[in-house]
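Engineer: 3D model of this:
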Amino acid sequence: MTIDFAVAKKGDCQGTFTTGGASAEIRQVGDAAYMKGDEKFWQQMGGEDGSSSKDTDALVEILKGRWFKMPAQDAKADDKFPFCDIETMSEKDEKEGRPTRKEDSVVNIDSGSKQCYDTFRVAIAESTNGRITAAPLSAKHIDQKPADRLKASSGANAAASVQLGVVYTDSNYGGSSMTLTAGTGCQSGNGRDFQYDLDGIWNNSISSLATLSCWLELWDAPNTAGFHQEYQQATSYVGDAMSDRASSIAMP
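Structural biologist: From the prediction side, this is the model:
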């Protein structure tokens, strides 16, 4: 889920949130809250409430693209819409293990070690032992040139790690990023090279990814069990079936 809100001191707020590829705008003014969702958002709402497909379709036709007014106290009482209450949202994030601020982290698959950094550029510089110092400040801006450099092996610098791929908490390569590294890259056509169980803020949080020296497989259970989906290239949205559902990653 991606949340982008501005909150005034007196409690009024406005912003947008997206989840599962659906998005909605919310505004709260005084004692009233207003919501405008896209077609996919109202379809999801109808499904969550147990409505029939016929009733959901009727709801979508009535509400899509239109502002819907609801009492502010109802919005605050419903834990799906406490977006104007910063304290409530922070508590909710902590309970669900979601990051309350953006972070760029690096995980070494071989050792299991994880380090967090202020920027993606610093994360890559540290993980490559200084081999790459001009990576983008944000992992969202990996274009072909830095991607090609990251795909390369450590070369003469044996202390540097190889970047296998990057996963993100939000769609469109947004939110927090985690770069997966190891001592060697994947061997194409040689079966599974690495796997990693997601924990903490990363369990059930991935919505987009970038492949580097490996393809990435997302699995909805630990130890690469359950349902899975394979990605052979950078993917701005992993799809409804896997978004916020991955509990482990395989790198073939």
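Engineer: which residues in the stretch 1-150 of the chain form helices?
Structural biologist: Remark: helices assigned in the stretch 1-150 of the chain by DSSP state H, counting those that start in this stretch are 39-48, 53-63, 72-77, 86-96, 120-127, 144-151.
Engineer: tell me the mean pLDDT for the first one?
Structural biologist: Spelled out, that is helix 39-48. For helix 39-48, mean pLDDT rounds to 78.
Engineer: buried residues, that helix. List them.
Structural biologist: For helix 39-48, burial by neighbour count (16 or more other CB atoms under 10 Å) applies to 40-46. In this view, the C-beta of every residue, glycine as well, is placed from N, C-alpha and C.
Engineer: flag the shaky bits of the stretch 51-200 of the chain, pLDDT-wise.
Structural biologist: Counting by pLDDT under 70, the ranges of the stretch 51-200 of the chain that qualify are 71-102, 143-146, 149, 151-160, 188-191.
Engineer: now do the strands in it.
Structural biologist: 68-71, 104-108, 114-117, 162-170, 174-182, 194-197 (DSSP state E, counting those that start in this stretch).
Engineer: distance to S247 and mean neighbour count added to those strands, as TSV?
Structural biologist: Output for these, formatted as TSV (distance: least, CB to CB, whole Å; neighbours: other CB atoms under 10 Å):
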stretch	distance to S247	mean neighbour count
strand 68-71	34	12
strand 104-108	15	21
strand 114-117	16	14
strand 162-170	12	25
strand 174-182	14	24
strand 194-197	7	18
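Engineer: ok, now how distant is S53 from V29?
Structural biologist: According to CB to CB, to the nearest Å, S53 stands 34 Å off from V29.
Engineer: Q14 too?
Structural biologist: According to CB to CB, Q14 stands 9 Å off from V29.
Engineer: show me which of these two is the more surrounded one.
Structural biologist: Set side by side, Q14 and V29 show more neighbours around Q14, with 17 against 13, by other CB atoms under 10 Å.
Engineer: hang on, that one packs against Q28?
Structural biologist: Yes: with contact defined as CB atoms under 8 Å, Q14 reaches Q28; the gap is 7.4 Å.
Engineer: quick test: name the residue nearest the centre of this protein.
Structural biologist: Nearest residue to the geometric centre of the chain (CA atoms, centre = their mean): T169, 1.6 Å.
Engineer: which residue sits closest to that residue, ignoring its sequence neighbours?
Structural biologist: The spatially closest residue to T169, leaving aside those adjacent along the chain, is G175, at 3.6 Å (CB to CB, 6 or more residues apart in numbering).
Engineer: same deal with S138?
Structural biologist: Spatial nearest neighbour of S138, chain neighbours left out: F120 (5.5 Å); criterion: CB to CB, 6+ apart.
Engineer: mind listing what that neighbour touches?
Structural biologist: 104, 135-139, 177, 179 (CB atoms under 8 Å, 6 or more residues apart in numbering).
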